[in-house]
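Enquirer: sequence and computational prediction follow.
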Amino acid sequence: MKKDENKTKEQLITELDELHKRMEDELRNYRQPLEELVKERTEELQNAREEVERIIDLSVDIIAVADLNTGFFTKVNPAFSRIIGYSQEEILNTPFVDFLHPDDINKTADVVEDELASDD
């Protein structure tokens, strides 16, 4: 007979409980450093986002982010509003093609179409 076959039900349960406790301890040992790493990376990401926002907001050049699926800007910097002469709200609520020069509309439509096709 094998050694394990001679163990009682209680002995097996005790061994499983001990194994479970050891596994929980090991998981605790891994969890804390991982949680700290996630916290650090989250803070780094937030700091990077804030820095990008500052750069965008302080730029004297027009900077905008558009959602190609909706056809609207999702973010424009203060320079955009100042140079174009519309409020940020007006810009965000107007399709971005309305701000294009007529000669650029077809080319922009082609680029948007290509971008949307490549996302599939």
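Expert: Done, it's in.

Enquirer: for the rest of this, base every contact and every neighbour count on C-alpha atoms.
Expert: Noted.

Enquirer: how many neighbouring residues does residue 97 have?
Expert: When neighbours are defined as other C-alpha atoms under 10 Å, residue 97 has 16 of them.

Enquirer: so residue 97 makes contact with residue 105?
Expert: Yes: the pair residue 97 and residue 105 qualifies as a contact (C-alpha atoms under 8 Å) at a distance of 6.7 Å.

Enquirer: tell me the secondary structure at residue 74.
Expert: Secondary structure, DSSP: H, G, I helix; E, B strand; the rest coil: residue 74 is strand.

Enquirer: would you check that it makes contact with residue 68?
Expert: No: Residue 74 is beyond contact range of residue 68, at 9.9 Å (criterion: C-alpha under 8 Å).

Enquirer: now residue 93. Its backbone dihedrals?
Expert: Residue 93 adopts backbone torsions of phi -100, psi 10, taken as degrees, to the nearest 10.

Enquirer: residue contacts, it?
Expert: Going by C-alpha atoms under 8 Å, 6 or more residues apart in numbering, residue 93 touches 72-73.

Enquirer: any idea how far it is from residue 73?
Expert: 8 Å (C-alpha to C-alpha, to the nearest Å).

Enquirer: what's the following helix or strand after the strand or helix carrying residue 45?
Expert: Using DSSP states H and E, residue 45 maps to helix 9-58. Following helix 9-58 in sequence order, the next helix or strand is strand 64-67 (DSSP H and E).

Enquirer: what is that next one packed up against?
Expert: strand 72-76 (3 or more C-alpha pairs under 8 Å, 6 or more residues apart in numbering; DSSP states H and E).
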